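Q: Please work out how this folds:
(one chain, ligands or ions: 2)
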Amino acid sequence: MHISDNSCCCSFDECKRTSDWLLSQTRYRPKIAVVCGSGLGLLAEYLTSKQAFRYEDIPNFPVCTVSGHEGRLVFGKLNDKSCVFMQGRFHLYEGYSLCKVTFPVRVFKLMGVETIIVTNASGGLCQDFKVGDIMIIKDHINLPGFAGQHPLCGPNDERFGVRFPTMSDAYSEDLRKLALDISSELGYSSFVHEGVYCMVCGPNFETVAEARLLHKLGSDTVDYTDWT
Ligand SMILES: O=P(O)(O)O[C@H]1O[C@H](CO)[C@@H](O)[C@H]1O
Ligand SMILES: Nc1nc2[nH]cnc2c(=O)[nH]1
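A: Ligands and ions are numbered 1, 2, ... in the order given. Predicted structure coming up:
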């Protein structure tokens, strides 16, 4: 039987090489990673004692081609906790394979990261949302995944995880509750919501009919990312 070559271009060894290189260049051992979406790179400025690497200087790392994505990996401390921030991410519409788009997540895992916080600039579908509101993702719809565009397709390397991962609790309930509680304490409840995020491929924004369809399917926001 012929099986087409769908092998991963970001093998365990490639991810390990990048992870080992980073660990050899920094004294930080972060347990928390934050991915900064469009216009959110400034979040990394909250870190103290920063150490930054340009993506093009990191072995195997893709580079950013979209404006508003600086292309730097920034290590530092936030309230005394070691963190790593991605100032810029990669998108399928840039021409990257899903292996490359999700490559940093695998590298972070090998570096010892346990919690990842992803942020993005997405389009609101829910009539109750206003421009600039914040939505905490409680669940997602991976639309390209339904059509066979999925980063976990291909041979599975058990060192990264199981063949059939469960997704019924993909977003930590504890962290979501913490975010909502803090929003309430700060008086932000009127513009901080929880909802369902839908990934599409892009790069065109949705037609009116597509936006209506995605909302009917249960999505509150839509975007081209959050594979990373
Ligand atoms: O999701 P982030 O990276 O924030 O970027 C979002 O913003 C850009 C469109 O304005 C697209 O790249 C879209 O995915
Ligand atoms: N798909 C999609 N992605 C976005 N990113 C920012 N705004 C939008 C939008 O309206 N649709």
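
Q: any idea how far residue 220 is from the closest residue to ligand 1 within the chain?
A: Minimum separation of the chain from ligand 1 (Cβ to the nearest ligand atom) falls at residue 37, amounting to 2.6 Å. For the C-beta atoms, the positions are set from N, CA and C on the backbone; glycine is no exception. Going from residue 37 to residue 220 by Cβ to Cβ, to the nearest Å gives 16 Å.

Q: try residue 47
A: Residue 47 is 30 Å from residue 220, by Cβ to Cβ.

Q: hmm, back to that, what number of residues lie near the residue of the chain closest to ligand 1?
A: Residue 37: 21 surrounding residues under other Cβ atoms under 10 Å.

Q: and this protein, which residues reach ligand 2?
A: 121, 122, 123, 200, 202, 205, 206, 222, 223, 224 (Cβ under 6 Å from any ligand atom).

Q: show me the residues around the fourth one that make contact.
A: In this structure, residue 200 makes contact with 143, 144, 206, 214, 222, 223, 224, judged by Cβ atoms under 8 Å, 6 or more residues apart in numbering.

Q: Distance-wise, check residue 39 relative to residue 87.
A: The gap separating residue 39 from residue 87 is 11 Å, by Cβ to Cβ.

Q: go on, residue 81?
A: 18 Å.

Q: Which residue of the two possesses the greater neighbour count?
A: Just comparing residue 81 and residue 87: by other Cβ under 10 Å the higher neighbour count belongs to residue 87, 23 against 11.

Q: Report the separation between the more buried one and residue 55.
A: For residue 87, the distance to residue 55 equals 9 Å [Cβ to Cβ].

Q: list the residues that contact both of the two?
A: Residues touching both residue 87 and residue 55 by Cβ under 8 Å, 6+ apart: 71, 72, 73.

Q: out of these, which are buried?
A: In the shared contacts of residue 87 and residue 55, burial by neighbour count holds for 71, 72, 73, counting by 16 or more other Cβ atoms under 10 Å.

Q: Alongside ligand 1, which residues does the chain contribute?
A: Where the chain comes near ligand 1, counting by Cβ under 6 Å from any ligand atom, the residues are 37, 38, 66, 89, 91, 120, 121, 223, 224, 225.

Q: Among those residues, name the ones in helices.
A: Among the residues of the chain next to ligand 1, no member is found in helices (DSSP state H).

Q: Dump those into JSON lines; add pLDDT and distance to residue 129 as well.
A: Formatted as JSON lines, the residues of the chain next to ligand 1 follow (pLDDT from 0 to 100; distance: Cβ to Cβ, whole Å):
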{"residue": "37", "pLDDT": "91", "distance to residue 129": "16"}
{"residue": "38", "pLDDT": "88", "distance to residue 129": "17"}
{"residue": "66", "pLDDT": "83", "distance to residue 129": "24"}
{"residue": "89", "pLDDT": "92", "distance to residue 129": "22"}
{"residue": "91", "pLDDT": "91", "distance to residue 129": "22"}
{"residue": "120", "pLDDT": "93", "distance to residue 129": "14"}
{"residue": "121", "pLDDT": "93", "distance to residue 129": "13"}
{"residue": "223", "pLDDT": "95", "distance to residue 129": "13"}
{"residue": "224", "pLDDT": "91", "distance to residue 129": "18"}
{"residue": "225", "pLDDT": "81", "distance to residue 129": "18"}
